[in-house]
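Chemist: here you go, sequence then predicted model.
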Amino acid sequence: MTPFGEKLRRLRAGKGVSQATMAKALGVSPAYLSALEHGKRGSPSWALMQQIIQYFGLIWDDAEDLNTLAIHSKPKVTIDTSGMDERATKAANLMAHRIGRMSSPQLDRLLAILAEDIHD
């Protein structure tokens, strides 16, 4: 599951609608909506994001937060470290190999590090 998929599921549950009902309203298949919720599909298109925002009646900050979640919810990520410090390549490769085995506290620590502001 992705952060976007989890939020989408909570919004849909809060509105009390099924995937089939929401999919029909958005003009997508229930299978596609299920794939979005389960993190099997990447971020939705800009147009579909606008439909989702309107469907739930999200305004300003809530709409921006949903867009940010979508940006950070790509289930297949590529990190290009060419031209970077060799440690960046090592870090990216270690993360790719180990992230699936990390515990919840380890993931929380990693997210905290990555969320820190970088000031040179």
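Modeler: Perfect, I can see it now.

Chemist: the nearest residue to residue 26 once chain neighbours are set aside: how many residues sit nearby?
Modeler: Distances taken as Cβ to Cβ, 6 or more residues apart in numbering put residue 51 closest to residue 26, at 5.1 Å, once the chain neighbours are dropped. For the C-beta atoms, the positions are set from N, CA and C on the backbone; glycine is no exception. Per other Cβ atoms under 10 Å, the neighbour tally for residue 51 reads 16.

Chemist: residue 51 reaches residue 23, doesn't it?
Modeler: No - using Cβ atoms under 8 Å, residue 51 is not in contact with residue 23; the gap is 11.1 Å.

Chemist: now do the domain split for this structure, please.
Modeler: What automatic domain parsing lists as the domains of the chain is 3-71, 78-120.

Chemist: how about TSV for the ones you listed, with mean pLDDT added?
Modeler: Listed next are these as TSV, based on pLDDT from 0 to 100:
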stretch	mean pLDDT
domain 3-71	94
domain 78-120	91
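
Chemist: tell me which of those is the most buried.
Modeler: domain 3-71 (a mean of 15; mean count of other Cβ atoms under 10 Å).

Chemist: now the end-to-end length of that one.
Modeler: Terminal residues of domain 3-71 lie 10 Å apart, using Cα to Cα, to the nearest Å.

Chemist: thought residue 32 was touching residue 42?
Modeler: No - if you go by Cβ under 8 Å, residue 32 and residue 42 don't touch, sitting 11.5 Å apart.

Chemist: all set, thanks.
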